[in-house]
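> whatever this is, show me its structure:
(one chain, ligands or ions: 2)
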Amino acid sequence: MSFTVHGLAVSRGIAIGRAVIVASSRLDVAHYFIGAEQVEHEIERLRVARNAVVDEIGRVQAAMHGSSTAEAHPELAALLDVHVMLLQDEQMTAAVKNWIEERHYNAEWALTAQLDVLTRQFEEMDDPYLRERKADLEQVVERVLRAMRGDGSAVDSAEATDSSFPESTLLSSHPTAVAPEAPLVLIAHDLSPADMLQFKQSAFAGFVTDVGGKTGHTAIVARSMDIPAVVGARSASHLIKQDDWVIIDGDAGVVLVDPSPVVLAEYGERQRRVSQERERLSRLRNTPAVTVDGEKVELLANIEQPGDVEAVLKAGAVGVGLFRTEFLFMGRAGKLPDEDEQYRAYRNVVKGMRGMPVTIRTIDVGADKPLDRDAAPREDHLNPAMGLRAIRWSLTEPAMFVTQLRAILRAAAHGPVNLLVPMLTHASEIKQTIALIERAKEQLTDEGVPFGPAKLGAMIEVPAAALTVPLFLRYFDYLSIGTNDLIQYTLAIDRADESVAHLFDPVHPAILQLLASTIAMCHAQGKSVSVCGEMAGDVQMTRLLLGLGLRSFSMHPSQVLAIKQQILRSDTERLKAWAQSVLSAEDPAALIDD
Ligand code: PEP
Ligand code: MG
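Ligands and ions are numbered 1, 2, ... in the order given. Purely as a prediction, here's the structure:
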């Protein structure tokens, strides 16, 4: 039956494929495609694990037999019988094998895919006794997964719910991965930014999540991957079933499930038009970004990993305007990258950019970017966005911070580097930061380690910072406006919360005034200023930002050419007057067309 699920449009384009539902609790299970030659091996792995669990349960049953445990706990004996029965169920075994043979899923993925199918069937049952069997099934699958991981006794630890698995295997593509016949799209309750990094290497053509806001970091990574995505789709992961045909309309924020052939054909056509449009835009790659009236505009790119440099060059960006270094630190189970590892990552970006400037932002963890997915949850009443994140965290970890600063300064010996500090608010934070930068330089000098010069910049992300720009300009060479956070903190809208996403308004008069005054004050002092939040990559905002005087934009590589096209069509002289009228309007959105 066809139906539609609505969410937030976060990453453009159309994806058409079969749904892979990954329950949140299963997100930490390895998901990769195997080569045809590995099918037998995976089935064997599964068989060995299953037999190991059956044997082990058998040993427990034998030990219980005649002992007082069996009499004292008859329900335990019955439970073990049920587990053995489930493990030997031929239908279940055949279905799991089918996922491996037909879809080329790895064994763990096949097992949990079938678990999801059965779980749904159990949930739909009227009989409460049968509904309860769902828990048995989950325990049995957990036992087999544990046996496959080889982490201790599958039986003794079976009741433990911890299913932690090295994150490096999460959603990863296997070295010998093969493409399945139909593209696959991932449907999950939630994906953390760390999940998203693994997702980047995966074979999925798009994704849908139940939760998440438009400028949350999950959405940001989706845009950087340039794959269609819809977040905040509420109960999508419950409504959509494993294997359903799904169309993700990333422009409209709509997911069409089980579409009719006519609708499929229509979206197939739209998909073709999107790729034609991209092809057409790619011709602008080497065209300088200059407005009709001759104003030069700098188009920079935002990246998360050194591997993103290729996309930056392909997009024709003239530098990296924001390297979100925190992604190097995520999902490493507390083992942070040391100075050399960081240095190599930063140096690779600097060298890869072949003399173009690279803006490296110091670590910005916290809020919706925890270092570890399993990081201890903070008490519910605390708001992590207001808490110890970004520079606040770095200043509480001076050793870690100086290590990062040293690595960045060392990378600056290989090409132009701008150092950027997130979320500064207080003069005292500015002074502490600068003192630590000096300390890093002194250490390197004393040790005779080569390093290069780096321009020093601050992000304007907090209203307090935007209201005290002259203070920042006393200490910094340039400013970069992080509109995602500036909007979040000015309008009191959690950027990751879909329930208030409709209030996240980049053209709220308060935001426009903060932007206009920050840009004007920088220019008055001859200092450069850019916008590196999502607003910079939004084609509907380009004319307004140009009108407000902005000449430097940093965005996902995938957006660079579309923004360039807007710039080539713009006349800043005319936009200047128009922007003033937008600035003083009660409802600026009404004046902004596309
Ligand atoms: C921003 O806040 O606009 C920004 C660019 O930083 P991040 O999205 O990483 O918080
Ligand atoms: Mg920010």
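> only C-alpha atoms from now on, for both contacts and neighbour counts.
OK.
> the longest strand along the chain - contacts with which helices or strands?
With secondary structure taken from DSSP state E, the chain has its longest strand at strand 14-22. If you count contacts as 3 or more Cα pairs under 8 Å, 6 or more residues apart in numbering; DSSP states H and E, strand 14-22 packs onto helix 107-123, strand 184-188, strand 204-209, strand 245-249, helix 261-281.
> now do the buried residues in the longest helix seen in the chain.
Longest helix in the chain by number of residues (criterion: DSSP state H): helix 39-64. Neighbour counts over helix 39-64 (16 or more other Cα atoms under 10 Å) mark 39, 42-43, 45-47, 49-54, 56-57, 61, 64 as buried.
> what's the closest of those to ligand 1?
Comparing the buried residues of helix 39-64 against ligand 1 with Cα to the nearest ligand atom places Glu42 closest, at 39.5 Å.
> quick one on the thing from earlier: so for ligand 1, which of the helices and strands packed on strand 14-22 sits nearest?
strand 204-209 (18.9 Å).
> okay, angle between the next helix or strand after that closest one and strand 204-209 too, please.
Next in sequence after strand 204-209, counting helices and strands by DSSP states H and E, comes helix 217-225. Helix 217-225 and strand 204-209 meet at an angle of 160 degrees, taking axes from the mean of the first three to the mean of the last three Cα atoms, to 10 degrees as the criterion.
> let's number from 18 now, not from 1
OK, 18 is where the count begins now, so the last one is helix 234-242.
> from the chain's centroid, how far away is helix 234-242?
Put simply, helix 234-242 sits 5 Å off its chain's centre (Cα atoms, centre = their mean, to the nearest Å).
> then that helix to PDB, C-alphas only?
The C-alpha trace of helix 234-242 is given here as PDB (Å, rounded to 0.1, in the frame of the first residue of the first chain):
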ATOM      1  CA  HIS A 234      25.100  17.600  12.600                       C
ATOM      2  CA  THR A 235      23.500  14.500  11.200                       C
ATOM      3  CA  ALA A 236      21.900  16.700   8.500                       C
ATOM      4  CA  ILE A 237      25.100  18.500   8.000                       C
ATOM      5  CA  VAL A 238      27.100  15.300   7.300                       C
ATOM      6  CA  ALA A 239      24.300  14.200   4.900                       C
ATOM      7  CA  ARG A 240      24.700  17.400   2.900                       C
ATOM      8  CA  SER A 241      28.400  17.000   2.900                       C
ATOM      9  CA  MET A 242      27.900  13.500   1.400                       C
END
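> direction included, what does the longest strand of the chain pair against?
Using DSSP bridges, strand 31-39 pairs in its sheet with strand 201-205 (parallel), strand 262-266 (antiparallel).
> low-confidence ranges, the stretch 18-167 of the chain, go.
Applying pLDDT under 70 to the stretch 18-167 of the chain flags residues 40-45, 83-93.
> thinking again about what came up before, nearest to Tyr495 among the buried residues of helix 56-81?
Glu59 (54.6 Å; Cα to Cα).
> right, and the helix or strand after the helix or strand of the chain at the bottom of the mean pLDDT ranking?
When each helix and strand of the chain is scored by mean pLDDT, DSSP states H and E, helix 85-89 comes last, with a mean of 57. Toward the C-terminus, helix 85-89 is succeeded by helix 91-104 as the next helix or strand (DSSP H and E).
> can you put the helices and strands packed on strand 31-39 in TSV and add mean neighbour count and distance to ligand 1?
Listed next are those as TSV, based on neighbours: other Cα atoms under 10 Å; distance: least, Cα to the nearest ligand atom, whole Å:
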stretch	mean neighbour count	distance to ligand 1
helix 124-140	20	32
strand 201-205	26	22
strand 221-226	26	19
strand 262-266	26	23
helix 278-298	13	25
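> so Asn435 is in which element?
strand 434-438.
> quick revisit: between the helices and strands packed on strand 31-39, which one is nearest to Thr235?
For the helices and strands packed on strand 31-39, proximity to Thr235 was assessed by Cα to Cα; strand 221-226 is nearest, at 9.5 Å.
> what lines up beside that closest one in the sheet?
Here strand 221-226 has these sheet partners by DSSP bridges: strand 201-205 (parallel), strand 246-248 (parallel).
> lowest average pLDDT across those strands?
Among these, strand 201-205 carries the lowest mean pLDDT, a mean of 89.
> send me it as PDB with only the CA atoms.
Output of strand 201-205 as PDB, limited to C-alpha atoms (Å, rounded to 0.1, in the frame of the first residue of the first chain):
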ATOM      1  CA  LEU A 201      19.500   0.700  -0.700                       C
ATOM      2  CA  VAL A 202      18.300   3.500   1.500                       C
ATOM      3  CA  LEU A 203      18.700   3.400   5.300                       C
ATOM      4  CA  ILE A 204      15.800   4.000   7.600                       C
ATOM      5  CA  ALA A 205      16.700   4.500  11.200                       C
END
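> how far does that strand sit from the chain's center?
14 Å.
> got the contact list for it?
Outside strand 201-205, the residues that touch it by Cα atoms under 8 Å, 6 or more residues apart in numbering are 32-41, 220-227, 253-254, 257, 263.
> ok, back up a step: nearest to Asp275, of the strands paired with strand 221-226?
Nearest of the strands paired with strand 221-226 to Asp275, taken as Cα to Cα: strand 201-205 at 13.2 Å.
> quick one on the thing from earlier: got the angle for the longest strand of the chain vs helix 278-298?
If you take the same axes, to 10 degrees, strand 31-39 sits at 110 degrees to helix 278-298.
> quick one: buried residues of strand 31-39?
The neighbour-count check on strand 31-39 (16+ other Cα under 10 Å) flags Ile31, Ala32, Ile33, Gly34, Arg35, Ala36, Val37, Ile38, Val39 as buried.
> what's across from the third one in the sheet?
On DSSP bridges, the residues paired with Ile33 through beta bridges are Ile264.
> ok, it to ligand 1 distance?
28 Å (Cα to the nearest ligand atom, to the nearest Å).
> contacting residues around that residue?
Contacts for Ile33 (Cα under 8 Å, 6+ apart) come out as Pro200, Leu201, Val202, Ala222, Trp262, Val263, Ile264, Ile265, Gly285.
> got the contact list for the first one?
This means Pro200. Neighbouring residues of Pro200 by Cα under 8 Å, 6+ apart: Ile33, Gly34, Arg35, Phe221, Ala222.
> need the residues you listed in CSV with distance to Asp153, can you?
Listed next are the contacts of Pro200 as CSV, based on distance: Cα to Cα, whole Å:
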residue, distance to Asp153
Ile33, 35
Gly34, 32
Arg35, 28
Phe221, 30
Ala222, 33
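> now the strand holding Asn435: mean pLDDT?
Mean pLDDT, computed over strand 434-438, is 98.
> name the next helix or strand following it along the chain.
Of the helices and strands lying after strand 434-438 in sequence (DSSP H and E), the nearest is helix 444-464.
> what residues of that next one count as buried?
In terms of neighbour count (16+ other Cα under 10 Å), helix 444-464 has its buried residues at Ile447, Thr450, Leu453, Ile454, Ala457, Lys458, Leu461.
> hmm, back to that, for the longest helix of the chain, name the packing helices and strands.
Under the contact rule (3+ Cα pairs under 8 Å, 6+ apart), helix 56-81 is packed against helix 91-104, helix 107-120, helix 124-140, helix 145-166.
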